[in-house]
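[1] prediction below, plus the sequence it came from.
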Amino acid sequence: MIGHGFMGAAHSQGWRVAPRFFDLPLDPVMQVVTGRDAAATAAAAATWGWSESSTDWRATIAREDIDVVDIVTPGDTHAEIAIAALEAGKHVLCEKPLANSVAEAEAMTDAAARAAARGIRAMVGFTYRRVPAATFARDLVAAGRIGEVRQVRAEYLQDWLIDPEAPMTWRLDRTKAGSGSLGDIGAHAVDLAEYITGQTVDSVSGIVETLVEERPLLGEGIGLSGTASTERGRVTVDDVALFTGRLSSGALASFEATRYRTGRKNALRVEVSGTSGALSFDLERLNELDFYDATAPGTELGFRRILVTEHDHPYLAPWWPTGHMLGYEHGFSHQVVDFTTAVAEGTAPRPSFADGLHVQRVLDAVERSSADQSRWVQTND
Ligand code: SOE
């Protein structure tokens, strides 16, 4: 694994726990974690259960005993590491968003295509596809249970930046993160809406805005849990991204990505309205799916809550007895299940780097639209 921050902890949990519950076709060995700071990386190895630590990612990917490289660094390093790892013949799992620009994502997708010809697999970590209720929503749409999709509302709402004195993290630095709420959480909303509906966002009109231009720099600590220093720095990314989109079927979608929605902590919500029903998923209630069956007798119409904890629901069988909940981290185990299965069976895992590139094009189109008075922009232009 390259990197060991918040996502490193989440991925480590997935690698550690998945083989204990699922009958995996391969047995993951958590060999080496790699980071820039030797002491912090060694501490991460000890905490999360990796056998070794290293400060040299090139040496890590050159090792003969490494088969898989899991990239959990900020976006500015994804392209270089992923392309080098694929060229070294390693299977690659890379965190989202795939890259910081369309050009980087294209180069990564080309490298993944070349590697696929040699049996090497690449996948991007849009983990929320693997929350059972979200996967089940996709299954219901695919089975025609809501009819033809007419309208989608997808939003990812957080509030950890509402305090203007909250310190800068790499997520507020364009050179590291590529964009702000748009790429950090809007990318999830786009991917999940496309995954559940089975459609792509083909054109967009949007607006992105920075609400607080300057913040204290990070003092002690890292990332979201760091403290403020007395020095200040410029925020170079968007805080809020709002956009509308047209899907491949002609259906309309609205998207919202913000870290300023007071009171919403991690609300990734997707509501899909169809000709004979509707679905509503909310990550803050991740064991539930609201389902509306428009074919029911008029007197019985209404959204009903499905508790997605049955063994027949996606991914649920190996976990706990029916009715016992899953949490945020389980998606990372499911990601390990799907990725190792694809590697073992020689199938192409999804979301692929091409899927990640497409999301990157949507993000880029939103920024271009915003820069040009919200003009409609084709995502594949
Ligand atoms: C922070 O906004 C963050 O951790 C994102 O980086 C993740 O992608 C999202 O899953 C949760 O929020």
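    Now that the structure is in, tell me what you want to look at.

[2] just the buried positions in stretch 133-150, please.
    In terms of neighbour count (16 or more other C-beta atoms under 10 Å), stretch 133-150 has its buried residues at 133-138, 140-141, 145-146, 149-150. To be clear about C-beta, it is placed using only N, CA and C from the backbone, and glycine gets the same treatment.

[3] list the contacts of it.
    Applying C-beta atoms under 8 Å, 6 or more residues apart in numbering, the external contacts of stretch 133-150 come out as 128-129, 192, 195-199, 247, 249, 251-252, 270, 272-279, 281, 286-289, 291-294, 306, 308, 313-315.

[4] among those, which are in strands?
    Using DSSP state E, the subset of the contacts of stretch 133-150 located in strands is 247, 252, 270, 272-274, 277-279, 281, 288-289, 291-293, 306.

[5] pull the longest helix from the chain.
    Using DSSP state H to define each element, the chain has its longest helix at helix 353-371.

[6] whichever of the contacts of stretch 133-150 end up buried, select them in PyMOL.
    Applied in PyMOL, the following selects the buried portion of these according to 16+ other C-beta under 10 Å:
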select buried, resi 128+129+192+195+196+197+199+247+251+270+272+273+274+277+278+279+281+286+287+288+289+291+292+306+308+313+314+315
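
[7] where does residue 215 land in three-state SS?
    strand (DSSP: H, G, I helix; E, B strand; the rest coil).

[8] in contact with the nearest residue to it once chain neighbours are set aside, which residues are there?
    For residue 215, ignoring the flanking residues on the chain, the nearest one in space by C-beta to C-beta, 6 or more residues apart in numbering is residue 168 at 4.9 Å. Shown in contact with residue 168 (C-beta under 8 Å, 6+ apart): 215-218, 233, 235.

[9] show me which of those residues are buried.
    Buried among the contacts of residue 168 by 16+ other C-beta under 10 Å: 215-216, 218, 235.

[10] rewinding a little: any idea which element the residue nearest to residue 215 lies in?
    Under DSSP states H and E, no helix or strand contains residue 168.

[11] quick one, grab the pLDDT at it.
    Note on residue 168: pLDDT of 91.

[12] equivalent analysis for the one 10 residues further on, please.
    Model confidence at residue 178, expressed as pLDDT, equals 97.

[13] sec struct for residue 265, please.
    coil.

[14] isn't it right up against residue 159?
    Yes - with contacts counted by C-beta atoms under 8 Å, residue 265 reaches residue 159, the gap being 6.6 Å.

[15] distance from the centroid: which residue in this structure tops it?
    residue 299 (39.7 Å; C-alpha atoms, centre = their mean).
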